[in-house]
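> Structure for the following, please:
(4 chains)
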Number of protein chains: 2
Amino acid sequence: MAVIDGCTVRVVDAPRVAAVRERMPAADDLAGTAEVFGLLSDPGRLRLLLALLDGELCVCDLAAVTGQSESAVSHALRLLRAHRVVTSRRAGRMAYYRLEDAHVRMLLDLAMAHTEHTLPVRPEPGADA
Amino acid sequence: MAVIDGCTVRVVDAPRVAAVRERMPAADDLAGTAEVFGLLSDPGRLRLLLALLDGELCVCDLAAVTGQSESAVSHALRLLRAHRVVTSRRAGRMAYYRLEDAHVRMLLDLAMAHTEHTLPVRPEPGADA
DNA sequence: TGCTCATATGAATACTTCTTCAAATGAGCG
DNA sequence: CGCTCATTTGAAGAAGTATTCATATGAGCA
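Predicted coordinates for the structure are as follows:
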């Protein structure tokens, strides 16, 4: 048993627990990161973002590329825009969206690299492959 | 207007749309990737996985580290185990979990590198920073 | 101005998903 | 064998999320 945050909890390896807790990011950072992953956790949004990887597209082209209704696309883009993952540019009555978040771009690149040829890159310490 | 998948849809830049559709991963791959991101989209699970980054821990220590109930932790681990992200080892009445998925490990490393010091790495083509 | 088109928005429904509580499993130990 | 402990499981309730349809905004154009 150990006392953490004023609560008494059951603990086996107290020093390890303390060390790992030490390294744990702040709650806000964790929540933010989880949110980003959440944005990527929907196949529709994932399609949209992948479509935007190599440049901007208008809403109707995004709908055509991703096979979704224009309304669904617009809702999804609204969410992504609220999180500053994409930005929009208006040209006449059309709206062109682009991927604006470098961090998300990296995650997408990494994810795509792994769907095509799944090669392990940083194996767990102790593994021999 | 263009015909895609037998449906007539409104399209502005038809060749672009065709090219981007070409590069789009298969639906199964997309769904799988979205699922992985989904596993990372919950702060509780994110904490668990981060705690496991440098080695195995038992359930109660995971609960202590992440500040969740043991039941919640067990449910989360069950889900992660179902997706082969973690594996468990039993030692007596305790269960030790370890991170087993190299791809997820990379995503976690990348995400963590970005929560601490947010440095852009691959800017969009056209950006000058 | 009035019409059409591209996108955006709102509201409602259906669908997941998280959390909690209660109880079950199954190992160690007297 | 019966008790305790660590973990797992099930079920239920609450909360969030996605999709759709209908409508609104607002730009271009006659």
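> Where does pLDDT dip in chain A?
Judged by pLDDT under 70, chain A has its weakly predicted residues at A:6, A:116-129.
> got the residue ranges for the helices in it?
Counting by DSSP state H, one finds helices in chain A at the ranges A:14-23, A:27-39, A:43-51, A:59-66, A:70-82, A:102-116.
> distance of A:Leu108 from A:Ala18?
Computed as CB to CB, to the nearest Å, the A:Leu108 to A:Ala18 distance reads 36 Å. Where C-beta positions appear, they are placed from N, C-alpha and C, glycine not excepted.
> Between those two, point out the one with more neighbours.
The neighbour count for A:Leu108 versus A:Ala18, taken as other CB atoms under 10 Å in any protein chain shown, is higher for A:Leu108 (20 against 14).
> which residue packs closest to A:Gln68, ignoring adjacent ones?
Take A:Gln68 and drop its neighbours on the chain: the residue closest to it by CB to CB, 6 or more residues apart in numbering or on different chains is A:Gly44, 5.5 Å away.
> what about that neighbour, how many residues close to it?
A:Gly44: 17 neighbours (other CB under 10 Å).
> for A:Tyr96, same thing?
Neighbour tally, A:Tyr96, other CB under 10 Å: 18.
> try A:Arg89
Neighbour tally, A:Arg89, other CB under 10 Å: 11.
> need the contact list for it.
When contacts are counted by CB atoms under 8 Å, 6 or more residues apart in numbering or on different chains, A:Arg89 touches A:56, A:95-98.
> Among those residues, which one has the most neighbours?
Going by other CB under 10 Å, A:Tyr97 tops the contacts of A:Arg89 with 24 neighbours.
> In CSV, could you pull the C-alpha coordinates for stretch A:43-62?
Once non-C-alpha atoms are left out, stretch A:43-62 reads as follows in CSV (Å, rounded to 0.1, in the frame of the first residue of the first chain):
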residue,chain,number,x,y,z
PRO,A,43,-12.4,6.4,-41.2
GLY,A,44,-14.2,9.3,-42.8
ARG,A,45,-12.0,12.0,-41.3
LEU,A,46,-8.9,9.8,-41.9
ARG,A,47,-9.8,9.7,-45.6
LEU,A,48,-10.3,13.5,-45.7
LEU,A,49,-6.9,14.1,-44.1
LEU,A,50,-5.1,11.7,-46.3
ALA,A,51,-6.7,13.3,-49.3
LEU,A,52,-5.3,16.6,-48.1
LEU,A,53,-1.8,15.3,-47.7
ASP,A,54,-0.6,16.6,-51.0
GLY,A,55,-2.5,19.8,-51.3
GLU,A,56,-5.8,21.6,-50.9
LEU,A,57,-9.1,20.4,-52.2
CYS,A,58,-12.6,21.9,-52.3
VAL,A,59,-15.4,20.4,-50.3
CYS,A,60,-17.1,18.7,-53.3
ASP,A,61,-13.9,17.1,-54.4
LEU,A,62,-13.3,15.9,-50.9
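> and it, how far out from the chain's middle?
Here the centre of stretch A:43-62 is set off from its chain's centre by 15 Å, with CA atoms, centre = their mean, to the nearest Å.
> Please apply the same query to stretch A:108-116.
With CA atoms, centre = their mean, you get 13 Å for stretch A:108-116.
> same deal with stretch A:70-85?
14 Å.
> Equivalent analysis for stretch A:16-32, please.
19 Å.
> which of the contacts of A:Arg89 are close to DNA strand C?
Of the residues in the contacts of A:Arg89, proximity to DNA strand C by CB under 7 Å from any atom of the strand holds for A:Ala95.
> Which members of the contacts of A:Arg89 define the maximum pairwise distance?
Spanning the widest gap among the contacts of A:Arg89 are A:Ala95 and A:Arg98, at 10.7 Å by CB to CB.
> what do these two both touch?
With CB under 8 Å, 6+ apart, A:Ala95 and A:Arg98 have common neighbours A:88-89.
> and the residue minimising distance to the centre of chain A, what is it in contact with?
Per CA atoms, centre = their mean, the C-alpha nearest to the average position across chain A is that of A:Phe37, at 3.1 Å. Listed by CB under 8 Å, 6+ apart, the contact set of A:Phe37 reads B:37-38, B:40-41, B:46, B:111.
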